[in-house]
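[1] Predicted coordinates and the sequence they were generated for:
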2 protein chains.
Amino acid sequence: MTAKDAAPGQSRARRSDPDRRERIIAVALDVIAEHGIAGTTHRRVAQAADVPLGSMTYHFKGIEDLLAAAFTLLANQTADGFEAALSAAATREEAVDAVVGLITSEMLGNDRAVVLTHELYSLAARRPDMRRVTDAWMARSRDALQRHFDPETATMVDALIEGLTIHRSLALNPLSTQTVVEAVKRIATIP
Amino acid sequence: MTAKDAAPGQSRARRSDPDRRERIIAVALDVIAEHGIAGTTHRRVAQAADVPLGSMTYHFKGIEDLLAAAFTLLANQTADGFEAALSAAATREEAVDAVVGLITSEMLGNDRAVVLTHELYSLAARRPDMRRVTDAWMARSRDALQRHFDPETATMVDALIEGLTIHRSLALNPLSTQTVVEAVKRIATIP
DNA sequence: CGTTTATGTGTACATTTGTACGCATAGCCC
DNA sequence: GGGCTATGCGTACAAATGTACACATAAACG
C-alpha cells in the first residue's frame, strides 16, 4: 500500500486530519464513562466526536475493535501517570506520599476513571484478548512500585490502591486523606 | 396473523409458579456474569430461565427494573455471607482469618462474583438509584467489620478486601494466600 | 357445572443497532 | 492541467431489541 509517509518537504496532509482516529478513540472513552459499554454505540460515539457514521466502520473493524482501542489508551494513559508519579519519588517516604497522592488525586480517583476501570475489568474478566490490556497495565504498575518496595509489598500496595480508590469514589462518607495515609503506611511498613 | 386464528396454541401452561419472578432474577445474574450488562437482553434471560418472553414484561417494568432487582439480590446474598463469616469469629485473630477466608474463598473471589461486582459498581457510579444498593451493601460490610475492628481500621480492611479480591482474580500470577494473610495482618495491626 | 376473573403468554411492531458498499472527492504524478 | 488512485462518507438494510397488547386459560366462585 502507499504507507510511505516519509515525504520530505511535503506535508502529506490527506483529505482530513490524521488524528481523527485518535480523536474518536479518546471520545469513545468519554462515551463509555457516561453511558457504559452497554450504551456505547457507533452512532453515539460518532456524534460525540463530530464525525460521520461512516468513519466508524472505516477506522475500526467493528465495535469490539473500538472498545479495545479505547481501553488500551486508558491503560496507557493511566500507567503513564502512575509511573511518572512514582519515578519522581526518591526516598521511600516520598514513594508513600506519591501513592497517597495517586489515590486522592484526580487521576485515579475521579468518577470517570473509576467507571472506566470497572468497565474494563468486567470486560477483561470475560474476554481473553482484553485480558492482555489489563495484564500489561498491572505489570507496569507493579514494576513502578518495585522501584521502591520489595515485590510482596509492592503487590499489596497495588491492591490497596485499587481498593481505596474504589471505596473513596463509592462510599457515602468517603475516606479521609488521613485514613488513606495511615493505610498506606501500615501496608508499606515491614514489621 | 396467527394470533387471530384458532391456533393449536399454548401447550406449555405453567400456572402455579410463584417463584418464577425470583428465579428470573437469579438467572439474570448468571446472564449478566456471562455476557455483561451490554449483552443482557430480555430474550436471553427468558431463554436462560426457560420462561416465555412475555413473562419479562409481565414481571418487570422494564430491563432497568430487572437489573435493579438482580443487583439487589447480589448485594444481599454477598452481604449475608460476609456477615455470617464475621459473626462466627470470636476473637480478633479469628476475625483476621475470616477476612482472609472471604478473600480467598469462592464467595467473593470467583470470577462470577468479581464480574458482577464490577458491573454493579460501574452502574452505580452512573445511576443514583443503583447507588443505594451499593450504599446499603457497604454499610452492612462496615458494620460487620466493626464488630472486631475500630472504625478506621474497619474501613481500611474493607478497602483492602476489595483490592485484594480484584487483583487475585485479574492478576497473571495471582497473589498467594500467604501474601493475603500478611497484608490483612499489616492493615489490622495497629502500631 | 357454568360463569367470571385474574393471571400469564404469544406475537406484532416501531426503533435502534452494526455493518457493508457504491459514490464522491482530494491529493499526486505526468 | 488532466487523469488516477487512495481515502472518506452518505446511505441502505438486515438483524436484534424493548415493549405493548390482544388473547388464552387456570382458578375462584355461584
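    Yep, it's here.

[2] The strand or helix carrying A:Glu94 and chain B in contact?
    Per DSSP states H and E, A:Glu94 falls inside helix A:92-104. No: figure legend: helix A:92-104 not in contact with chain B (CB under 8 Å from any CB of the partner chain); closest approach 9.7 Å. C-beta: built from backbone N, CA, C; applies to glycine.

[3] And chain B, is the lengthiest helix in chain A touching that?
    The single longest helix within chain A, with elements called by DSSP state H, is helix A:63-87. No: Helix A:63-87 lies out of reach of chain B by CB under 8 Å from any CB, never closer than 9.6 Å.

[4] and that helix, what other elements does it pack with?
    With contacts taken as 3 or more CB pairs under 8 Å, 6 or more residues apart in numbering or on different chains; DSSP states H and E, helix A:63-87 sits against helix A:20-35, helix A:42-49, helix A:92-104, helix A:106-109, helix A:111-126, helix A:128-146.

[5] can I get the CA coordinates of the fourth one in PDB?
    Pointing back at helix A:106-109 there. Taking Å, rounded to 0.1, in the frame of the first residue of the first chain, the C-alpha atoms of helix A:106-109 are listed here in PDB:
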ATOM      1  CA  GLU A 106      -8.000  13.300  40.200                       C
ATOM      2  CA  MET A 107      -6.100  10.900  38.100                       C
ATOM      3  CA  LEU A 108      -7.300   7.600  39.600                       C
ATOM      4  CA  GLY A 109     -10.000   8.900  41.900                       C
END
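
[6] Any chance you could list what contacts it?
    Helix A:106-109 is contacted by residues A:Thr78, A:Gly81, A:Ala85, A:Leu102, A:Ile103, A:Ala113, A:Val114, A:Ile161, A:Thr165, A:Arg168, A:Ser169 when judged by CB atoms under 8 Å, 6 or more residues apart in numbering or on different chains.

[7] Next, the buried residues of it.
    Judged by neighbour count (16 or more other CB atoms under 10 Å in any protein chain shown), helix A:106-109 contains these buried residues: A:Met107, A:Leu108, A:Gly109.

[8] As CSV, the residues you listed with pLDDT and distance to DNA strand C would be great.
    Output for the buried residues of helix A:106-109, formatted as CSV (pLDDT from 0 to 100; distance: CB to the nearest atom of the strand, whole Å):
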residue, pLDDT, distance to DNA strand C
A:Met107, 81, 29
A:Leu108, 84, 28
A:Gly109, 82, 30
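
[9] so who does A:Met138 touch?
    Residues near A:Met138 by CB under 8 Å, 6+ apart: A:Asp158, B:His167, B:Leu170, B:Ala171, B:Leu172.

[10] Let's see that with 10 Å instead.
    A:Ala75, A:Ala79, A:Thr155, A:Asp158, A:Glu162, B:His167, B:Leu170, B:Ala171, B:Leu172, B:Asn173 (CB atoms under 10 Å, 6 or more residues apart in numbering or on different chains).

[11] Of the residues you listed, which is the nearest to DNA strand D?
    Using CB to the nearest atom of the strand, A:Ala75 is the member of those that lies nearest DNA strand D, at 25.6 Å.

[12] for chain A, what helix or strand is lowest in average pLDDT?
    Using mean pLDDT, DSSP states H and E, the weakest-scoring helix or strand in chain A turns out to be helix A:106-109, at a mean of 82.

[13] for chain A, which spans come out with low pLDDT?
    In the predicted model of chain A, residues A:1-17, A:191 satisfy pLDDT under 70.

[14] from what I can see A:Arg168 touches B:Ala159, true?
    Yes: with contact defined as CB atoms under 10 Å, A:Arg168 reaches B:Ala159; the gap is 8.2 Å.

[15] So between the two, which is more surrounded?
    Neighbour count, other CB atoms under 10 Å in any protein chain shown: between A:Arg168 and B:Ala159, B:Ala159 has more, with 27 against 20.

[16] Apart from its neighbours in sequence, what residue is nearest the more buried one?
    The shortest distance from B:Ala159 to any non-neighbouring residue, by CB to CB, 6 or more residues apart in numbering or on different chains, is to A:Gly163 (3.8 Å).

[17] A:Gln47: what's it in contact with?
    A:Val27, A:Val31, A:Thr41, A:Leu53.

[18] Report the buried members of the residues you listed.
    Counted by 16+ other CB under 10 Å, the contacts of A:Gln47 give A:Val27, A:Val31 as buried.

[19] So which of the contacts of A:Gln47 is the closest to B:Ala89?
    Nearest to B:Ala89 among the contacts of A:Gln47 is A:Val31, at 45.1 Å by CB to CB.

[20] returning to what we had before: what about the longest helix of chain A and DNA strand D, touching?
    No: using CB under 7 Å from any atom of the strand, we find that helix A:63-87 stays clear of DNA strand D, coming within 13.0 Å at best.

[21] buried residues in that helix?
    In helix A:63-87, counting by 16+ other CB under 10 Å, buried: A:63, A:66-75, A:78-79, A:82-83, A:85-86.

[22] Same check on stretch A:23-37?
    For stretch A:23-37, by 16+ other CB under 10 Å, it's A:24-33, A:35-37.
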